[in-house]
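# next comes the sequence, and after it the predicted model I'd like to discuss.
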Amino acid sequence: MDYINLFVRSIFIENMVFAYFLGMCSYLAVSKTVKTAVGLGAAVIFVLAMTVPINFLLDTYLLQPGALAWLGAEYATIDLSFLSFIMFIAVIAAMVQLVEMLVEKFAPALYGALGIFLPLIAVNCAILGGSLFMQQKAFGGIGEAVTYGFGSGIGFFLAILGIAAIREKITYSNIPGPLKGLGITFIITGLMALGFMSFMGIKI
């Protein structure tokens, strides 16, 4: 049940976009059509699901103070936590590069539609935020890290897919001139955030 609770919280209550406003640049820029939103959302799911558990293992067995005790008693006092940012970003960059190559090979049209925002996943604060929140929450095992990473990716996917579907529909709506474009998008984003945060009262 703890895994289910963590999974639901990472999707709705602790949503990267609506709760922490991370990854807003790609959320706003790539959400003009559902097709590109689905492509980027799927890429974010893959990257988060892979990088959070990998970074959990790095943090647990390499970076935390005393994490190197498994090598021997003389290594127990070594603290490599200052390398956390560098190591986390290196893992994220490697996963993003893998996704970029796969998308370019198997979905060249989507690769062209996503443009610069696909490689920019490497510096998407939502991706790095997943690993940093994982570190902050001090998960007890890799299962929790996998659940949190996958759930966070699903949360981002639902957020960008939802706003993309709405933006496609409101193209045909009579929106006041000053609110057209990003103006109405910000308003809708706020309303969606309220909807997602309503799950806070649910006890699983």
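On my side now, so go ahead.
# can you give me how far the longest helix seen in the chain is from the chain middle?
What stands out as the longest helix in the chain, according to DSSP state H, is helix 142-169. For helix 142-169, the gap between its own C-alpha mean and the chain's C-alpha mean amounts to 7 Å (Cα atoms, centre = their mean, to the nearest Å).
# how about that helix: buried residues?
If you call a residue buried by 16 or more other Cβ atoms under 10 Å, then helix 142-169 has these buried ones: 144-164, 166-167. Quick note: C-beta positions are derived from backbone N, CA and C, even for glycine.
# following element in sequence after that helix, please.
Moving toward the C-terminus from helix 142-169, the next helix or strand (DSSP states H and E) is helix 182-197.
# the least confident helix or strand in the chain by mean pLDDT packs against which elements?
The least trusted helix or strand in the chain, going by mean pLDDT, DSSP states H and E, turns out to be helix 108-114, with a mean of 85. Other elements packing on helix 108-114 under the criterion 3 or more Cβ pairs under 8 Å, 6 or more residues apart in numbering; DSSP states H and E are helix 34-58, helix 84-106.
# any idea of the mean pLDDT in the shortest one?
With pLDDT averaged residue by residue, helix 84-106 scores 93.
# quick one: that helix to helix 34-58, angle?
140 degrees (axes from the mean of the first three to the mean of the last three Cα atoms, to 10 degrees).
# please compute how far helix 84-106 lies from its chain's middle.
In terms of Cα atoms, centre = their mean, the centre of helix 84-106 is set 13 Å apart from its chain centre.
# and what of the first one?
Computed by Cα atoms, centre = their mean, the chain-centroid distance of helix 34-58 equals 6 Å.
# got the angle between it and helix 142-169?
Using the same axes, to 10 degrees, the inter-axis angle of helix 34-58 relative to helix 142-169 is 160 degrees.
# got the contact list for the host helix or strand of Ile127?
Secondary structure here is read from DSSP H and E; on that basis Ile127 sits in helix 125-137. Under the contact criterion Cβ atoms under 8 Å, 6 or more residues apart in numbering, helix 125-137 has outside partners 14, 16-17, 20, 22-23, 44, 47-48, 51-52, 55-56, 59, 84, 88-89, 91-92, 96, 121, 145, 148-149, 152-153, 156.
# rewinding a little: list the helices and strands the longest helix of the chain packs on?
Judged by 3+ Cβ pairs under 8 Å, 6+ apart, the packing partners of helix 142-169 are helix 2-8, helix 24-29, helix 34-58, helix 125-137, helix 182-197.
# highest mean neighbour count out of those helices?
For the helices and strands packed on helix 142-169, ranked by mean neighbour count under the definition mean count of other Cβ atoms under 10 Å, the leader is helix 34-58 at a mean of 23.
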